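Enquirer: The sequence and its predicted three-dimensional model are supplied below.
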Protein chains: 2
Amino acid sequence: MQGIASVLSPITGLKWSDDPDDLQRYGIDWTHLWSPAPCAVVWPVTVEQVRAVVRAAATNNLALVPSGGRTGLSGGAVAANGELIVSLEKMNRVLDFNAVERTLKVEAGTVLQVIQEAAAAQGLQYPIDLAARGSCTIGGNIATNAGGIRVLRYGNTREWVVGLTVVTAQGELLELNRGLIKNSSGYDLRHLMIGSEGTLGIVVGAELQLTEPLPVSQVMLLALPDFKSVLTAFVQLRATLRLQAYEFLTDVALARVVQHGAAEPFDERHPYYVVAEFDDNEDAALQVFEQGVEGGWIADGALSTSDDHQRKFWHLRESISESIAPLKPYKNDISLRIGQLPAFLAEAQALFAERYPDFEVIWFGHIGDGNLHISIIRPAHWSEQAFAAHCAAATKELAACIQRHGGSISAEHGIGLLKRDYLDSTRSVAEIAAMRAIKTALDPQGLLNPGKVFAPDRHQ
Amino acid sequence: MQGIASVLSPITGLKWSDDPDDLQRYGIDWTHLWSPAPCAVVWPVTVEQVRAVVRAAATNNLALVPSGGRTGLSGGAVAANGELIVSLEKMNRVLDFNAVERTLKVEAGTVLQVIQEAAAAQGLQYPIDLAARGSCTIGGNIATNAGGIRVLRYGNTREWVVGLTVVTAQGELLELNRGLIKNSSGYDLRHLMIGSEGTLGIVVGAELQLTEPLPVSQVMLLALPDFKSVLTAFVQLRATLRLQAYEFLTDVALARVVQHGAAEPFDERHPYYVVAEFDDNEDAALQVFEQGVEGGWIADGALSTSDDHQRKFWHLRESISESIAPLKPYKNDISLRIGQLPAFLAEAQALFAERYPDFEVIWFGHIGDGNLHISIIRPAHWSEQAFAAHCAAATKELAACIQRHGGSISAEHGIGLLKRDYLDSTRSVAEIAAMRAIKTALDPQGLLNPGKVFAPDRHQ
């Protein structure tokens, strides 16, 4: 390869840097597990500049790492091997609102919250919502098919992308689906690109479907005697209410948020808690509640009577990560079929109790869509190194347990670098072979985000 | 290749036939444009038999045509070149209902209506509905990502497939997504397979998401002065009602159904008619109606007051195809962005009026999702051959017009053989190159439904 300056400087108007501070800052995401070592960062402002960068990279056999808000939790945006980082953050404009179709056209670097606000300004809603909303970008959301807190009601990012603009490894621009609702003209490359973590193309823009705003809702906090009851309550509530979210946490998680300053919600502690949000229908909610108390599958509960109250209930669930953040927990994000959750959880909890009795394991997550978050806290007397080694070993055993129950090693964070070695717990040998064949077909030089999702092919 | 008997007879228990009647019957779909010439038909009853057939075909370099209900309208299931037809029609069992997740596991040959009835028996709904419901199979629905009459409310088949079982060109079984709601572990091959018309894999089974039954609805029939008003009424109705369907027809279409026996809906004829179905909300509907009459964008209208009434309104829309069937019309199925419809329709109608003044062109379709159906009736004094030639020429001009307006040459029927030559009006050179690369990567021998979607690669 020529020097990076001679590769990039011919591209008209392209801003780039190889300043060590920039390399450090742009080379990592929220994982902080790898040492950043990119060769440079570019900040294109047009699609043509992105294409020119890809063509220059192809000529020089230079690996590229597409980069958005760098809030990922699997190392998908990490550049630790001399790659060129293509930051989309300067391509952050909301380009167009289409009132008839209720769609919003945006550049890939647009921050999620900006999109939510642009939708709200039109009296509509972009319904994907995540904790990282203030800094994650739509390009990154698309690259990982981000889910978040309202998947139960609205599905994942995938469902809201009606048009996708992607630059290929050849520097070609694909304008996929172009806002059509029905389109059975050939393979849906849009859906292939969504969730491919920048390994098949660089997302440069999207057209998003908007929808009606969230209806007025109520929130119920429930205490439950066991995990089976968490599912029983889910089935019963879903049968009578229109659920928007159904989240759970364990007593261990509750203890942490109470310790962190939250008010104790009930007189007694219970093994499991649920925060359920639904379209306003108090009578039906109370009926299910009474039924649950009589049937023994609800131990206690409270219904929101005000916005302030709603916020307090949600705070119990939403402050879990914050309450344990100073302890630098080891995090995992997995999914299972909903019906499989009780059997899986029993086995996984037994696994941790037996094999890792010193771990404090905090379970919580989006039960309504089968998504569990697991945070493990380092025992005070362990070194960070010993803890990391044990967590890696535990993840391997956890992956085997997930596999036995037909789940997924990554629910919404992607595979990136972090989960690459566990991909085969979720995808079969034949599936991985098909994925690799597609990667090689679309990116034969292996330019795009190499090493993410799976290790680079030996031919690359 | 060895004789077909020696290829197939080693497969234990496999039923097959090379009887000329079977070849004739299974070699075509509803297009009836090609002469069937398969070498044989097999009816596997297990996934293992499908795999064995594919492996035998690979060994003998024998092309395969996956086959469902053969109700396709683009020739996707046609076998006109000595292919072996893999009929899934004996794999037609509903395997399992999951009450917690509200999913239904079915074999690929299960007829759509059987699935709808199985869902209804559980107090739920499988919301994809098409005119061919009594004979089309879920495997074919998936292969074309079928849409139908409630896409506006429920989306396409794609949205309801939570698990997909596919046999690859290598005879491997892929169990894709396995019922997970959140799963960001690698490329979503499920979505790549959906809509790929049997060219990337043979769908052998699916797990389908069910949902609540359709709410009680009302149907409104509207007469409108021009096409712009069809869209104005759509936007206004959507803003106040929860629409389930929004269909249109022209005065030419109405004349045909009235001639076929339907009652004249209004005292006078109007240029356009709309059938709108929505969740019961009479007051809001009447308010929009009055607003439309005052604003001049609604000329006349009627609101259903009974089930019988609803059926009469729907009959006007649903009997169009039947009313003109004896005339063997030339059919097209296209889609555009909704907002682009008025400009497109004006241009397309002018095109037909100017270049093909002898054609009777009947426009109707699912306006709420941008899907137009076009039926052209042969002028009485033209020969069938002359008519076919002119229709092909007209389709070419129509494709160019669709391309100028950013639409799709196939909304819900697929590309198959019929629209192969027009694929490049909807997909760019780079997109087609990517599609071909994927086809070659997954099916290097070109065994699966060769010649469908695009002409076989010269290397195959």
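Expert: Sure thing, it's come through. Residues are numbered from 1 along each chain as shown, chains lettered A, B, ... in the order given.

Enquirer: ok, now how distant is the residue in chain A sticking out farthest from the centre from residue A:288?
Expert: In chain A, counting by Cα atoms, centre = their mean, residue A:294 sits farthest out from the average C-alpha position, at 38.0 Å. Taking Cβ to Cβ, to the nearest Å as the criterion, residue A:294 is separated from residue A:288 by 11 Å. For the C-beta atoms, the positions are set from N, CA and C on the backbone; glycine is no exception.

Enquirer: same deal with residue A:143?
Expert: Between residue A:143 and residue A:288 the distance, using Cβ to Cβ, works out to 39 Å.

Enquirer: Among these two, which residue is more densely surrounded?
Expert: Taking neighbours as other Cβ atoms under 10 Å in any protein chain shown, residue A:143 and residue A:288 compare with residue A:143 leading, 32 against 21.

Enquirer: what about that one, which SS state?
Expert: helix (DSSP: H, G, I helix; E, B strand; the rest coil).

Enquirer: ditto for residue A:91
Expert: coil.

Enquirer: Local confidence estimate at the closest residue to residue A:112 other than its chain neighbours?
Expert: Computed as Cβ to Cβ, 6 or more residues apart in numbering or on different chains, the closest residue to residue A:112 that is not its neighbour in sequence is residue A:133, at 4.5 Å. For residue A:133, the pLDDT comes out at 95.

Enquirer: ok, now which ones touch residue A:133?
Expert: Residues counted as contacts of residue A:133 (Cβ atoms under 8 Å, 6 or more residues apart in numbering or on different chains) are A:111, A:112, A:113, A:116.

Enquirer: From chain B, how far off is it?
Expert: Separation of residue A:133 from chain B (Cβ to the nearest Cβ, to the nearest Å): 18 Å.

Enquirer: Phi and psi next, for that residue.
Expert: Main-chain dihedrals, residue A:133, degrees, to the nearest 10: phi -50, psi -30.

Enquirer: same check, this time on the one 4 residues further on
Expert: Phi and psi for residue A:137, reported as degrees, to the nearest 10, are phi -110, psi 160.

Enquirer: what helix or strand is the nearest residue to residue A:104 once chain neighbours are set aside on?
Expert: Spatial nearest neighbour of residue A:104, chain neighbours left out: residue A:208 (4.9 Å); criterion: Cβ to Cβ, 6+ apart. Using DSSP states H and E, residue A:208 maps to strand A:202-209.

Enquirer: Tell me the helices and strands packed up against that strand.
Expert: Here strand A:202-209 is seen to pack against helix A:47-60, strand A:64-67, strand A:103-107, helix A:138-144, strand A:161-167 when contacts are counted using 3 or more Cβ pairs under 8 Å, 6 or more residues apart in numbering or on different chains; DSSP states H and E.

Enquirer: Can I get the ones you listed in JSON lines including mean pLDDT?
Expert: Listed next are the helices and strands packed on strand A:202-209 as JSON lines, based on pLDDT from 0 to 100:
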{"stretch": "helix A:47-60", "mean pLDDT": "98"}
{"stretch": "strand A:64-67", "mean pLDDT": "98"}
{"stretch": "strand A:103-107", "mean pLDDT": "98"}
{"stretch": "helix A:138-144", "mean pLDDT": "98"}
{"stretch": "strand A:161-167", "mean pLDDT": "98"}
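
Enquirer: Could you identify which of the ones you listed is most buried?
Expert: Neighbour counts (mean count of other Cβ atoms under 10 Å in any protein chain shown) averaged over each of these peak at helix A:138-144, with a mean of 30.

Enquirer: Which SSE is immediately downstream of the strand holding residue A:208?
Expert: Note on strand A:202-209: by DSSP H and E, the next helix or strand toward the C-terminus is strand A:217-224.

Enquirer: which residues sit against that next one?
Expert: A:230, A:233, A:244, A:265-266, A:268, A:270-282, A:285, A:289, A:292, A:297-304, A:309-310, A:313-314, A:316.
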